[in-house]
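>>> only geometry, no sequence info:
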Ligand SMILES: O=C(O)[C@@H](O)C(=O)COP(=O)(O)O
Ligand SMILES: [Zn+2]
C-alpha cells in the first residue's frame, strides 16, 4: 500500500470505529509501520474526524517528521513494534466491554478473555492484563516487553485494550473481536457457560497461526 492509501485507511478505520461507539471522544490511537516510516494518529484527535494530511509521520527511529504531534502512546505502540518485528499496525481503543474487563478485580491477569468462541482464539489468542501505568508513560515499555513476545493483544489495567498485528485490517479485526469476546464474557457472567476445551483450543492454534 502506498503512503496516501495508508493514510486513507487509517482515516477510514478511525471513522468506522468511532461511529460504531468503539471508542469515544479523543480516546484511542492507531499507528502503522512501513519499511521507511511510521504513521500515527495525532494526540488529542478524535478517531472519527481524522485528516489524512495531519496524521503524524515518524522516521524509523520514531522521530517526528511531519503532521500534528503524535499520540502520547508512542512508547506503548513502539513496545510492540520492537518486540514483535512482524507487527505492521497497532490499535488502542477504550471500547466498553474490554475496558470493563480491565477494571474488574476478578479478571484473570494471565488470561482475561475466556475462550467462548473459536474466533477469539483464532484472531486474538490469550490476552494478559498489564499492570496500570499512567497513559503516555514510558513505564509501560518494560511491562509490554515482558509479554509481547508471546501475546499480540493485551488489556491495560483500568484503561483498555491494545492489539498489534501484521496489517491495519487485521489489527482492527482483532480488536473488534476482542471487544465482542469481552462483551460475551460479561453478559454470560453468572450463567452456566461452556468454554472451548483445551483440545479444541490446541486444534484452532494449530490451524490458525497468530502473528
Ligand atoms: O487514555 C489515554 O489518554 C490514551 O491512551 C488515549 O487513548 C488517547 O491518547 P492520545 O492518542 O495521545 O490522544
Ligand atoms: Zn487510552
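In hand now; what should we look at? Remember, it's a predicted structure, so these values are computed and weren't measured experimentally. Ligands and ions are numbered 1, 2, ... in the order given.

>>> Show me which parts of the longest helix anywhere in the chain are buried, residue by residue.
Longest helix in the chain by number of residues, with DSSP state H as the criterion: helix 168-187. For helix 168-187, a neighbour-count test (16 or more other CB atoms under 10 Å) marks 168, 170-185 as buried. Any C-beta I mention is one placed from the backbone N, CA and C, and that applies to glycine too.

>>> And the helices in this structure, which stretches?
For the chain, the helices defined by DSSP H occupy 3-19, 74-83, 96-103, 118-123, 140-147, 168-187, 198-207.

>>> Quick check: buried residues in stretch 15-28?
Buried positions in stretch 15-28, judged by neighbour count with 16+ other CB under 10 Å: 17, 18, 22, 23, 26, 27, 28.

>>> And stretch 184-204, by the same measure?
Buried-residue list, stretch 184-204, by 16+ other CB under 10 Å: 184, 185, 196, 201, 204.

>>> Of the residues you listed, which ones also sit close to ligand 1?
Checked against ligand 1 using CB under 6 Å from any ligand atom, these yield no neighbours at all.

>>> rewinding a little: quick one: list the elements packing against the longest helix of the chain.
If you count contacts as 3 or more CB pairs under 8 Å, 6 or more residues apart in numbering; DSSP states H and E, helix 168-187 packs onto helix 3-19, strand 89-92, helix 96-103, helix 118-123, strand 153-156, strand 160-165.

>>> which one is residue 47 nearest to, not counting chain neighbours?
Excluding the flanking residues, the one nearest residue 47 by CB to CB, 6 or more residues apart in numbering is residue 14, at 3.7 Å.

>>> Stretch 92-105 spans what distance, first to last residue?
Its first and final residues considered, stretch 92-105 spans 21 Å by CA to CA, to the nearest Å.

>>> ok, the buried residues of stretch 184-204 vs residue 136, which is closest?
Nearest to residue 136 among these: residue 185, at 28.5 Å, using CB to CB.

>>> residue contacts, the residue lying closest to that closest one once chain neighbours are set aside?
Spatial nearest neighbour of residue 185, excluding adjacent residues (CB to CB, 6+ apart): residue 114 at 5.0 Å. Counting by CB atoms under 8 Å, 6 or more residues apart in numbering, residue 114 makes contact with 181, 185, 193, 195.
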